[in-house]
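Participant: got a sequence here, can you model it:
(3 chains)
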Amino acid sequence: MKLKELPDEELFTRGHTACAGCGAAVAVRNLMKVLGKRTMVVNPACCLLIFGATYPYLAWKVPFHHVAFENTAACATGMSRAMKVRGKEDTVVMGIAGDGGTADIGIQALSGAAERNEDMLYVMYDNEAYMNTGIQRSGSTPFGAWTTTTPVGKVKAGKADFKKDMPLIMMAHNVPYVATASIGNIQDFINKFEKARNMKGFRYIQVFTPCPTGWRHDTAKTIEVAKLAVDTGMWTLYECENGKVKINRKPKMTPVSEYLKVQGRFRHMKEEDVRKLQDWVTSKWEADERYAQCRQ
Amino acid sequence: MVSKICTGNYAAAYGSMRSRARTVAAYPITPQTFIVEHISEFINNGEMDCEYIEVESEHTAMSACVSASASGVRTFTATSSQGLALMHEILPIASGMRLPVVMAVVNRSIASPINIWVEHNDIMPERDSGWIQVFCDNNQEVQDMILQAYRIAEGKRVALPVAVCLDAFILSHTVEPVDLIEQDAADKYVPEFSPTGAILDPDDVAAVGVFTPPDYMMECRWQTDKAMRNAVEAIGEANEVFAKQFGRDHGGMIDPYMVDDAEAVLVTMGTASSTAHEVVDEMRAKGKKVGLVKLRFWRPYPSELLRAIAEKVKAVGVFDRAVSYGIGGPSYIEFRNAVFGLDLPVMNFIGGLGGRDVSLQDVRFMYEKLLEAARTGVVKRDITWMGTRGVEQ
Amino acid sequence: MAAQALASAAHAEGGYATAFPFFGAERRGAPVLAFTRIDDKRIYRKTQVYEPDFVVVLDEGLLETVNVVEGLKDGGAVVVNSVRSPEEIDVGIDAKLATVDATSVALEVLKRPATNSSILGALSKATGIVSIESIEKGIMQVFGDRLGEKVGERNAKAARIAYDRTVVGESHGSRVLKASNKWLPDVRELPMGVAGISLDTDAGAVGPGSFLENKTGSWKVFHPEYDGEKCTMCNFCWFYCPEGCIYRKEDRMEFDMDYCKGCGICANECPAEAIKMVR
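Facilitator: This is a model prediction of the structure:
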């Protein structure tokens, strides 16, 4: 499917209450266009719950279900099995959660569902912190980033640890499909959701979705920041289909400082920390590339 | 009908099969484990047509049941103790969404100290979770109540989840003869599943579990409260229809024994009721006017029925297999509320914690204390910790 | 934060003050409501404010849909963020009214349209309830503590400039607002389990897809200006718009200002430079 072939109908409607420039909103309205009407959604407590479903209003035009925070994959399991019982297996059951709800509190239920190869598409929209509660550090927050729980203080400033590599963890579950995507790479984004829609079993896509409120960049630069993440190697676009890994886009290896300087959350970083992050990016990319070669 | 010697765990698993639960999500925990094993066997032998989800935790078990139920299928799960505690977050979600999930709870002590034996302290924190809760005192009742639970839970009048409670080991691992209900009889009693409210369906779009602002909360809470009140009627009806079809009357909300002319009455939950039953016979034979109220439903609580009995007797004792630290047994606290304003001696006996046996002698002791209070009108000790070393009896 | 800074200012003058938001869940940019209570003795009341002495309106557009003077006490005052003069503003009643172009002040000083600090300067000027010096202190404390000293200083400066530019006058109002219609079902009507089902209510549609009822266009400060001549119909803006308020027509794109929040992504990403953001 090409960009121009995406349908006009919005299954996630305007009028939602996301912040201006919200990257998650870009991801959600477009992935719904690809997945189509026979999609059922499970969504935990996160920004998306609030801005897409505040009673009595809903942006969703498909079945929508929220239960708690850490159990997106568990609930999607229940929903998926129920569809099997009811003979409605043509539906795409999608669990969609943020990075906190996935990489931190939700990882147990996620790992369980992946191991059982439940028939669902699990989407993690990665905005690299707990945005709904007001920008606290998550396991997916990158090294150096300011958040309200890694504040810039006199003794310590920014996150001291590196981003958790969720896609790799998911690939280790040997599920049919694992992919990373970005709202800045349109065709790649469409391809991956289309592929996932047409597969059965457990599929995982992690979408990179900048958050201007939490990352402290201009609301107009959401896509620009997403593209910079790919160009610098901060975010690798790859996929693992039935065990075979493919890099979808080689990073230009633009210096990471280019990515950092457009975001307020990195403004305090010292030169040595930028170097440290650059080293991490370089070795991460090398590792990703080697991993892809091993699993071709 | 086949009569078979089986455990309470088997009775629970069998009941869920005969009720045609179509999705089961459960995680093993002592002493509930046999329930999940039996269900797995039923399914793998082709006797039960059901999606069994081998989840990685109780939290996921309850989450999957909630979502499967919200997606329009009949669900069942079972747990105990720590597992129930791990589920806790999701229990009020099941009731708030008005989902008729049915769960067997094998009541076991809650840590710490860690202990695997019977106690009701695991389920007491769930008093306010919006679950209907019934306590059984024999394995026949366990099977029968699983079937009744679906009849009570489903339907617009109630639409609430139900926990069927059985005492760890004393029922879960003890064999007794049980009349096993056959499928056609079960089908006659438990109607085919039909969802109560809006469900998740790709062909009829709705949302279940929407972020809800203050403008709608009071009305929503009121509806759930009303549903719990409505349950009293549904419980009575479920029992009546069952008694007519199967010839077994478990009593509905409560099961009173020899209370009509009793001077002293003991209120019990779970298997202590069974032991007390024997002691009542023994003491009655000696001319002592004692009676027993088997408190079956803990939620909804039978306030009016208990008050009507209390008005006719001279002393009441409440036996608790649980304690609310610093104030007494939970059942005792609830009972005092039910008899508020009556001039009646009420005593609390806390015992059987963490699997300590409740003996005939223990029950005799309780009745003697109650008869003394009935005679004198004086309660010497409000709360007695039964057989606790170093504590005055 | 403005409500807190005002409370802090009043506290700095030796008074007692409380401040609290309406505990909603809107995202940044959405209309929000906050309250401040000031007294010289301890305040026990924990309710929302129903009869304010002063009303501060940060977004002039709200005057179209919200009766901002509801419950306003006799002799009370209204402060509005507007380029217009007090006489030109209609709040529905005759009232003491002050205006200041807080958005411009914020853009000049803070480089972003965050008007909550500047408007406090206007409030001080219009009501005298707290001095501008105290407002500066309050801002330093609340903004400075949370966002750093430099940010605090800039916001205090914005308040001072706004104070100087505020025009105080009288307004004569005649606007009659339609009573806002909200769907408030009783216990018999509310769907069981607060299920989100499609219903046509007196207050409009609710249920799946009903967020269409929520016109988010009032959030924006800048809006896109589209040049159809330059447009190549690449569809990038259509994909990148977080709202889905850019529509594809046969030979052009259409921008729905009822929903546009003014983020500027479309202009930033347009390869043909066919879109620019204007105030």
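Participant: could I get the full set of helices for the chain?
Facilitator: Since no chain was named, I'll use chain A. A:23-35, A:47-52, A:72-85, A:99, A:107-115, A:166-171, A:186-197, A:212-215, A:222-232, A:256-260, A:271-294 (DSSP state H).
Participant: try again with chain C
Facilitator: Going by DSSP H, chain C shows helices at C:2-12, C:102-110, C:118-127, C:132-147, C:149-165, C:236-240, C:265-269.
Participant: tabulate those (CSV), appending distance to chain B.
Facilitator: All C-beta atoms are positioned from the backbone trio N, CA, C, and that covers glycine. Shown next, in CSV, are the helices of chain C (distance: least, CB to the nearest CB, whole Å):
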stretch, distance to chain B
helix C:2-12, 19
helix C:102-110, 29
helix C:118-127, 26
helix C:132-147, 26
helix C:149-165, 30
helix C:236-240, 25
helix C:265-269, 26
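Participant: what residues does chain B have near chain A?
Facilitator: Residues of chain B lying near chain A by CB under 8 Å from any CB of the partner chain: B:22-23, B:25, B:51, B:53-57, B:59-60, B:63-73, B:75, B:89-90, B:93, B:200-203, B:205-213, B:216.
Participant: so which of the residues you listed sit within strands?
Facilitator: Among the residues of chain B next to chain A, the ones falling in strands (DSSP state E) are B:Thr23, B:Ala25, B:Glu51, B:Ile53, B:Glu54, B:Thr75, B:Ala207, B:Val208.
Participant: can you redo those residues as TSV with distance to B:Pro100, neighbour count and pLDDT?
Facilitator: Shown next, in TSV, are those (distance: CB to CB, whole Å; neighbours: other CB atoms under 10 Å in any protein chain shown; pLDDT from 0 to 100):
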residue	distance to B:Pro100	neighbour count	pLDDT
B:Thr23	13	26	98
B:Ala25	15	28	98
B:Glu51	17	21	98
B:Ile53	18	27	98
B:Glu54	23	15	97
B:Thr75	8	35	98
B:Ala207	19	27	98
B:Val208	14	27	98
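Participant: quick check, nearest of the residues you listed to C:Phe211?
Facilitator: The nearest member of these to C:Phe211, counting by CB to CB, is B:Ala207 at 11.6 Å.
Participant: show the pLDDT at the spatially closest residue to the closest one that is not a sequence neighbour.
Facilitator: Using CB to CB, 6 or more residues apart in numbering or on different chains and skipping the chain neighbours, the partner closest in space to B:Ala207 is C:Gly196 (3.1 Å). Looking at C:Gly196, its pLDDT is 97.
Participant: from A:Met32, how far out is C:Gly196?
Facilitator: 17 Å (CB to CB, to the nearest Å).
Participant: cool, and B:Gly247?
Facilitator: 56 Å.
Participant: how about stretch A:169-184 against chain C, any contact?
Facilitator: Yes. Shown here: stretch A:169-184 in contact with chain C (CB under 8 Å from any CB) through A:Ile183.
Participant: circling back: C:Gly196 and A:Met32 - which one has more neighbours?
Facilitator: C:Gly196 (29 against 26; other CB atoms under 10 Å in any protein chain shown).
Participant: circling back to that earlier point, dump the helices of chain C to JSON lines, plus mean pLDDT and mean neighbour count.
Facilitator: Output for the helices of chain C, formatted as JSON lines (pLDDT from 0 to 100; neighbours: other CB atoms under 10 Å in any protein chain shown):
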{"stretch": "helix C:2-12", "mean pLDDT": "91", "mean neighbour count": "25"}
{"stretch": "helix C:102-110", "mean pLDDT": "94", "mean neighbour count": "22"}
{"stretch": "helix C:118-127", "mean pLDDT": "94", "mean neighbour count": "26"}
{"stretch": "helix C:132-147", "mean pLDDT": "89", "mean neighbour count": "21"}
{"stretch": "helix C:149-165", "mean pLDDT": "93", "mean neighbour count": "20"}
{"stretch": "helix C:236-240", "mean pLDDT": "98", "mean neighbour count": "22"}
{"stretch": "helix C:265-269", "mean pLDDT": "98", "mean neighbour count": "24"}
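Participant: make JSON lines out of these and add distance to A:Glu5.
Facilitator: Listed next are the helices of chain C as JSON lines, based on distance: least, CB to CB, whole Å:
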{"stretch": "helix C:2-12", "distance to A:Glu5": "47"}
{"stretch": "helix C:102-110", "distance to A:Glu5": "41"}
{"stretch": "helix C:118-127", "distance to A:Glu5": "47"}
{"stretch": "helix C:132-147", "distance to A:Glu5": "45"}
{"stretch": "helix C:149-165", "distance to A:Glu5": "46"}
{"stretch": "helix C:236-240", "distance to A:Glu5": "12"}
{"stretch": "helix C:265-269", "distance to A:Glu5": "20"}
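Participant: to B:Asp261, which of those helices lies closest?
Facilitator: helix C:2-12 (68.9 Å).
Participant: specify the angle between that closest one and helix C:149-165 in degrees.
Facilitator: Helix C:2-12 runs at 80 degrees relative to helix C:149-165, counting by axes from the mean of the first three to the mean of the last three CA atoms, to 10 degrees.
Participant: let me see the mean pLDDT of stretch A:174-193.
Facilitator: 98.
Participant: hmm, it in reach of chain B?
Facilitator: No. Between stretch A:174-193 and chain B, judged by CB under 8 Å from any CB, nothing touches; the nearest distance is 15.0 Å.
Participant: pull out the buried residues from that stretch.
Facilitator: Buried residues in stretch A:174-193, counted by 16 or more other CB atoms under 10 Å in any protein chain shown: A:175-186, A:188-193.
Participant: what's around the spatially closest residue to B:Asp203 that is not a sequence neighbour, how many residues?
Facilitator: Leaving aside its sequence neighbours, B:Asp203 sits nearest to A:Lys88 (CB to CB, 6+ apart; 7.7 Å). Neighbour count for A:Lys88, taken as other CB under 10 Å: 17.
Participant: go on, B:Pro177?
Facilitator: 12.
Participant: ok, the residue of chain C found nearest chain B - contacts?
Facilitator: Using CB to the nearest CB, C:Gly196 is the residue of chain C that sits closest to chain B, at 3.1 Å. C:Gly196 makes contact with A:53, A:55-56, A:58, A:64, B:198, B:206-208, B:210, C:206-208, according to CB atoms under 8 Å, 6 or more residues apart in numbering or on different chains.
Participant: rerun that using 10 Å as the cut-off
Facilitator: A:53-58, A:60, A:63-65, B:198, B:205-210, B:212, C:206-208, C:210 (CB atoms under 10 Å, 6 or more residues apart in numbering or on different chains).
Participant: residue closest to the middle of chain B?
Facilitator: Closest to where the C-alpha atoms of chain B average out (CA atoms, centre = their mean) is B:Val134, at 2.3 Å.
Participant: please report how far that residue lies from B:Gln82.
Facilitator: For B:Val134, the distance to B:Gln82 - CB to CB - is 22 Å.
Participant: then A:Cys46?
Facilitator: From A:Cys46 over to B:Gln82 (counting by CB to CB), the distance is 28 Å.
Participant: the two - which one has more neighbours?
Facilitator: The residue with more neighbours, out of A:Cys46 and B:Gln82, is A:Cys46; 26 against 18, by other CB under 10 Å.
Participant: how about that one: what's its closest non-neighbour residue?
Facilitator: That would be A:Gly98: by CB to CB, 6+ apart, it lies 4.3 Å from A:Cys46.
Participant: for the one you found, give me the pLDDT.
Facilitator: So, for A:Gly98, pLDDT stands at 98.
Participant: do the same with B:Gly328
Facilitator: 97.
Participant: shouldn't it be in contact with B:Val318?
Facilitator: Yes. At 8.7 Å, B:Gly328 and B:Val318 qualify as touching, with contact defined as CB atoms under 10 Å.
Participant: and for those two, which residues touch both?
Facilitator: Going by CB under 10 Å, 6+ apart, residues that sit against B:Gly328 and also against B:Val318 are B:Arg336, B:Asn348, B:Ile350, B:Ile383.
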